[in-house]
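Q: build the 3D model from these lines:
(chains A and B)
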Amino acid sequence: DAGVIQSPRHEVTEMGQEVTLRCKPISGHDYLFWYRQTMMRGLELLIYFNNNVPIDDSGMPEDRFSAKMPNASFSTLKIQPSEPRDSAVYFCASSPRREGPHFGNGTRLTVT
Amino acid sequence: DQQVKQNSPSLSVQEGRISILNCDYTNSMFDYFLWYKKYPAEGPTFLISISSIKDKNEDGRFTVFLNKSAKHLSLHIVPSQPGDSAVYFCAASAIGYNFNKFYFGSGTKLNVKP
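A: Predicted coordinates:
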């Protein structure tokens, strides 16, 4: 099993640009999560999906953030327009029902 | 407001000694808890779990203790090894309400000195 695969590993962009983060979950996992890690807030849950349907997006900071899961093997997190305060490490994770999340290696986003 | 708190950002211990990492939670609905370990440039990986029907769970050198009345859990590592140096996150969820929605703390960075 290849685990959760995220791309890119690093993203550097300028303020105002659109950023798209990608995730391939573990095959067979029903749940997909997007987390953000910052020094101040630790690991924050942004949004999660169950069977490709968004269940809870209460952690999405503002309308500039959007996430999609068009099929069971792919999800995106988009930030448009990006701002310097969005700089963080973004993790995608997946899990089967009634199990903790399995994390990818993250995307380090830097917005200048 | 964070529902899971790790109030110690860092901890340094000598190799061979005990490491104790602490975690507090505020939501009384939480009844399932996880600890994760994270190395630099990697994602967190699952370490050990405990449900509220127990007050202790042990796996090798790692033991998690749960004090429900105090809404507190701790992770003990005995003996500590340099390879244990990492960031440790605790996480909590409510089995009966929404098992798969885990709330994470801010992490504690453990440094085990040789």
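
Q: which residues of chain B lie near chain A?
A: Within chain B, the residues that sit near chain A (Cβ under 8 Å from any Cβ of the partner chain) are B:2, B:6, B:34, B:36, B:41-46, B:49, B:89, B:91, B:99-107. Just so you know, the C-beta spots here come from the backbone N, C-alpha and C atoms, and that holds for glycine as well.

Q: can you say which of the residues you listed are buried?
A: B:6, B:34, B:36, B:43-44, B:46, B:49, B:89, B:91, B:99-107 (16 or more other Cβ atoms under 10 Å in any protein chain shown).

Q: from these, which ones fall inside strands?
A: For these, the ones inside strands are B:Leu34, B:Tyr36, B:Phe46, B:Ser49, B:Phe89, B:Ala91, B:Phe99, B:Asn100, B:Lys101, B:Phe102, B:Tyr103, B:Phe104, with DSSP state E as the criterion.

Q: now, the most widely separated pair of those?
A: Greatest spatial distance in these: B:Phe89 and B:Phe99, 17.9 Å, computed using Cβ to Cβ.

Q: now do the contacts for the residue most central in space within chain A.
A: What sits nearest the mean C-alpha location of chain A, by Cα atoms, centre = their mean, is A:Trp34, with 3.3 Å. Counting by Cβ atoms under 8 Å, 6 or more residues apart in numbering or on different chains, A:Trp34 touches A:Cys23, A:Leu45, A:Leu46, A:Ile47, A:Tyr48, A:Ala67, A:Ser75, A:Leu77, A:Tyr90, A:Phe91, A:Cys92.

Q: for PyMOL, what selects the buried ones among those residues?
A: Typed into PyMOL, the line below selects the buried ones among the contacts of A:Trp34, using 16+ other Cβ under 10 Å:
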select buried, chain A and resi 23+45+46+47+48+67+75+77+90+91+92
